[in-house]
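S.K.: Sequence first, predicted model second:
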Amino acid sequence: MPAPPPGDSPRRSPTPSPAPPQPKPGPPTTPISLPKPAPSAEAGKPSRPKRRRRRRRRGPRLPDRTIVFVGPMAAGKTSLGKRVARELGIPFVDSDAIIVRKHGPITAFFERHGEAEFRRIEAEVIAAELANSEVRILALGGGAVITESTRKLLAGHPVVLLLTTQEAVMRTANIARRPLLRDDPNAWGRIFEERRPLYEEVADVSYRTDRASKEQLARRVAQWARSFRKDTV
Ligand SMILES: Nc1ncnc2c1ncn2[C@@H]1O[C@H](COP(=O)(O)OP(=O)(O)O)[C@@H](O)[C@H]1O
Ligand SMILES: O=C(O)C1=C[C@@H](OP(=O)(O)O)[C@@H](O)[C@H](O)C1
Ligand SMILES: [Mg+2]
C-alpha cells in the first residue's frame, strides 16, 4: 500500500507526558487590551491547506455555473444534455420544453404567431433560466443564438457546441416537431451555414455527435465540464 501523503495520516492521541511546572504567580499586572483581529470573511472556514485537502478527496469539482448546450437542430442538445446532467448529478433544463409547457407545441406556435414572436419568447425564457444561479445544464433551441441579447448572456457561461451532419439528421431527427424543417428537410444545411459563425462566437468547446455514441460523448463532455472554468463573471 502506498504511504499516505504527508498530513493525511490518522491522528494519534498524544502520549501522556509529565505535567509541566506551574508558573509562579507574578506581580499584579494592568490588563492590556489587545486589538481584536478584524472579523474576516474567512471566519469559520477551514484554513487553506485543510480546504485544499478536502477538495482533493472529493475529486474534480462540479462546474460553478449553468453549462449551456447550443448547436443546430437535431444535433443532440436535448438528449445529450440530459445524459451529461445525469453524469454530473445536476439538474437539466431545456428552453424549448419550457416554451412548450407555457405556450403549447412549437410548430403550432410558429403557425399562429410567427418566428419573430417565438424568438422574443425564447430569449425571455433563456434570460430567466440563466439568471438562476443554480448549477445546471441548459439546452437551447437551435436558433437561440440568433438573438444578440442571448449571445451576450452566453459570454458568462461554459458553452458546449454540438455539431452533426445533414445526413445524420435525416436519420435521427423528428422533422414534424421542427417547423423549420417540415416543408424542406434539406433546409438544415443552409440554416446551419447561416448560423455557423454565431455558434462559433459563443462556444467554448465543440463535439460532433454523429461520430460517437451518446454514452461516450456524455462522459467526455462531463469530464470537460469538470475541469473548465470561464474567467468572465
Ligand atoms: N451521439 C449522439 N448524441 C446525441 N444524440 C444522438 C446521438 N446519436 C443519435 N442521436 C439522436 O439524435 C436525436 C437528437 O435529437 P435532440 O436531442 O432532440 O437534438 P436537439 O435538441 O439538438 O435538437 C435524438 O433522437 C438522439 O437520440
Ligand atoms: O433551429 C431552430 O430555429 C429551432 C430549433 C428547435 O430546437 P432544436 O434545436 O432542439 O430542434 C426549436 O427551438 C424550434 O423548432 C426552432
Ligand atoms: Mg432540443
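M.R.: Here it is on my side, so go on. Numbering: from 1, shown residues only. Ligands and ions are numbered 1, 2, ... in the order given.
S.K.: which parts of this structure sit against ligand 3?
M.R.: Residues of the chain lying near ligand 3 by Cβ under 5 Å from the ion: K77, T78. The C-beta positions use only the backbone N, C-alpha and C, and glycine is treated the same way.
S.K.: And the residue nearest the centre of the chain?
M.R.: In the chain, the C-alpha nearest the mean C-alpha coordinate belongs to I67, at 2.6 Å (Cα atoms, centre = their mean).
S.K.: Report the spatially nearest residue to that one, omitting neighbours in sequence.
M.R.: Leaving aside its sequence neighbours, I67 sits nearest to P158 (Cβ to Cβ, 6 or more residues apart in numbering; 4.7 Å).
S.K.: all strands for this protein, in order.
M.R.: All strands of the chain, identified by DSSP state E, fall at 67-70, 92-94, 137-139, 159-163, 205-208.
S.K.: would you turn the ones you listed into a markdown table with mean pLDDT and distance to ligand 2?
M.R.: Below are the strands of the chain laid out as a markdown table (pLDDT from 0 to 100; distance: least, Cβ to the nearest ligand atom, whole Å):
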| stretch | mean pLDDT | distance to ligand 2 |
| --- | --- | --- |
| strand 67-70 | 98 | 9 |
| strand 92-94 | 98 | 8 |
| strand 137-139 | 98 | 7 |
| strand 159-163 | 98 | 9 |
| strand 205-208 | 98 | 15 |
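S.K.: Okay, P63 and A168: tell me how far apart.
M.R.: Distance of P63 to A168, given as Cβ to Cβ, to the nearest Å: 28 Å.
S.K.: More neighbours: these two, which one.
M.R.: Using other Cβ atoms under 10 Å, the more surrounded residue of P63 and A168 is P63, with 22 against 17.
S.K.: for ligand 2, what are the nearby residues on the protein?
M.R.: For the chain, the residues found near ligand 2 under the criterion Cβ under 6 Å from any ligand atom are M73, A74, K77, T78, D96, I106, G141, G142, G143, R178, P179, L180.
S.K.: Quick check: the third one touching G143?
M.R.: It stands for K77. No - using Cβ atoms under 8 Å, K77 is not in contact with G143; the gap is 11.7 Å.
S.K.: Looking at these two, which one has more neighbours?
M.R.: K77 (28 against 19).
S.K.: residues contacting that one?
M.R.: Going by Cβ atoms under 8 Å, 6 or more residues apart in numbering, K77 touches F69, V70, G71, D94, A139, L140, G142, L162.
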